[in-house]
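Student: Just a sequence and a predicted model for now, questions to come.
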Amino acid sequence: MTAAVLGAVLAVLAVRAALVVVTVRGGSMEPALRDGDRVIVARWARRRVRREAVVVCRAPDGLVLPGRRPTVAADGVLLVKRVAALAGDPQPGGGVVPAGHIYVLGDAGPGLDSGEFGPIPVAAVVGPVIARLGGSHSS
C-alpha cells in the first residue's frame, strides 16, 4: 500500500508540474474568455507556442496595472493574451519581432499587451491555454 500511495503522490506532483490553472482577470480576452473564467495551461508546451494560440505569460517588469504599483518579476503577475506574431514576423504597427520573443494582444482591442509594452521573451511564457473550465460569471 505504501508503494501505491507514493505512486499516487508522484503522479499528482507530475501533473502539477505540467499543468497550472489560472483565473482570467479583466475583459481583454472577450469574447473567447471572460473575467472569472479559469483556464488550464500546459507548462510543458511553453516553448512551442504558435500564432493565434492563447497563452499565459508573466507581466514584464515595470508594467503598471490599474490600481497597482509597477510590476516586477517577483510579483508573479500573469497575463492571458493571444499570440499575434512570432520571432521574425512583422509586428503590428511596424518592425519585426526579435529572436526569442513573441508579440501578444488581447482579443478585445487595445490594452495591456505588446501594443503597450512591446514583444515579450518566450521565457516569460508560462504556457498555452489548453482548456477553459468556466468561471464565476453568469451567462
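Tutor: Happy to help now that I have it.
Student: can you list the weak-confidence ranges in this structure?
Tutor: 1, 3-17, 46, 65-75, 134-139 (pLDDT under 70).
Student: Recalculate using a threshold of 90.
Tutor: 1-28, 43-49, 59-78, 92-94, 109-112, 116-117, 133-139 (pLDDT under 90).
Student: Looking at strand pairing, list the partners for the residue positioned nearest the centre of it.
Tutor: The centre of the chain sits closest to residue 56, judged by CA atoms, centre = their mean, with a distance of 0.7 Å. Counting by DSSP bridges, residue 56 is bridged to residue 80, residue 127.
Student: what's the spacing between it and residue 26?
Tutor: Distance from residue 56 to residue 26, counting by CB to CB, to the nearest Å: 13 Å. Heads up, the C-betas are built off the backbone N, CA and C, glycines and all.
Student: quick one: the strands in this protein?
Tutor: 19-23, 37-42, 54-58, 78-86, 101-105, 120-121, 125-135 (DSSP state E).
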